[in-house]
Every structure is written in C-alpha cells, then in structure tokens.
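A.B. asks: Sequence plus predicted model, see below.
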Amino acid sequence: MTRFYTIDAAEERLPDVRDILERLRAQRAELVELRDLAVERQGARTGGGDAGPDDDPELRAIRLRMQGLVDQMQAAVGRLDEWDVVLRDIQSGLVDFPALVAGRQVWLCWRLGEETIEWWHDLESGFGGRQPLIDLA
C-alpha cells in the first residue's frame, strides 16, 4: 500500500532523501568513469591476441568496483522505495512524494538544490507540469 505524504511529513523526510540522492549522483558519476575506463582498457587489449577480460587483473578490479557500486545504488533506491519516495532522475536528483489533496492523488515534487518542497504536479503531467504548492487547493 502506498503511503501518502503530507507536506510536513515530506519535508521531514528530505534530509534523508537528500543524502541518498547526493550519494547516488556521486556513485553514478563514478560508475560512468569506470565504465569508460573499462571500455578503454578492453579496447587497448583487443588488438593484441586472445587475452580475455579475466586475464587482466586491473580490468577485473574495475568490474568488481562497478558491481559494488551497482549493488550500493540498488540498495539506496530500495530505501527510497521503502519510504514510497519515487526516484525520477538520479543526475538531477528528482523525486516525487505521493500525496492526497481533497481525495485526489498528486505528486509533491522536489529535486536536489531546492531548499524545501515548493512544487506539485498531477499524476499525468510530470516535471513539466510542476505548479507551485500555493496553487494546490
């Protein structure tokens, strides 16, 4: 069952959500760097014989680190799911909190860099349909 947040409850959850999103953003950036490094390293090796990726200890270490990052990221996303906070985009740190207003389900919308929750949108419109909370009636 989905939990519905009040504005106050969502605001109380923000510090934890902010920490997770900052960590996810950093892990995503590291994962991209490691992927590029692995591709570069593998490309340099393919020109020289039959050596496979498991023959290269550095490439193996890169892939293990990548898997560790993926595991950590999945756990963090799982934590958000436990709280019924919907992750929309890691890079921008965009999340939605489900809320009920006058019997209608809406999303309280927040992203990294914003101090407080000041936006909402209906279920269909998404980020492009964000409206100020003051208009939520």
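C.D. replies: Arrived safely. Predicted model only: the values in this text are computed from it and were never measured.
A.B. asks: Could I get the CA-only coordinates of stretch 94-109 as CSV?
C.D. replies: What follows is stretch 94-109, C-alpha atoms only, in CSV (Å, rounded to 0.1, in the frame of the first residue of the first chain):
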residue,chain,number,x,y,z
LEU,A,94,14.4,14.5,-8.9
VAL,A,95,11.9,12.7,-6.7
ASP,A,96,8.2,12.6,-6.1
PHE,A,97,6.3,12.1,-2.9
PRO,A,98,2.8,10.7,-3.3
ALA,A,99,0.1,12.9,-1.6
LEU,A,100,-3.6,13.1,-1.4
VAL,A,101,-5.3,16.5,-1.7
ALA,A,102,-9.1,16.7,-1.5
GLY,A,103,-9.3,13.0,-2.4
ARG,A,104,-7.1,13.4,-5.4
GLN,A,105,-3.7,11.8,-5.7
VAL,A,106,-0.9,14.2,-6.7
TRP,A,107,2.9,14.2,-6.5
LEU,A,108,4.9,16.6,-4.3
CYS,A,109,7.9,17.3,-6.5
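A.B. asks: buried sites along it?
C.D. replies: By 16 or more other C-beta atoms under 10 Å, the buried positions in stretch 94-109 come out as 94-99, 101, 106-109. No exception for glycine: its C-beta is placed from N, CA and C like everyone else's.
A.B. asks: of those residues, closest to Glu22?
C.D. replies: Val95 (12.3 Å; C-beta to C-beta).
A.B. asks: Quick check: that closest one vs Cys109, distance?
C.D. replies: Using C-beta to C-beta, to the nearest Å, Val95 is found at 8 Å from Cys109.
A.B. asks: and the residue sitting nearest the centre point of the chain, how far is that from Leu80?
C.D. replies: By C-alpha atoms, centre = their mean, the chain has its centre lying nearest to Ile90, at 3.3 Å. For Ile90, the distance to Leu80 (C-beta to C-beta) stands at 11 Å.
A.B. asks: That'll do, ta.
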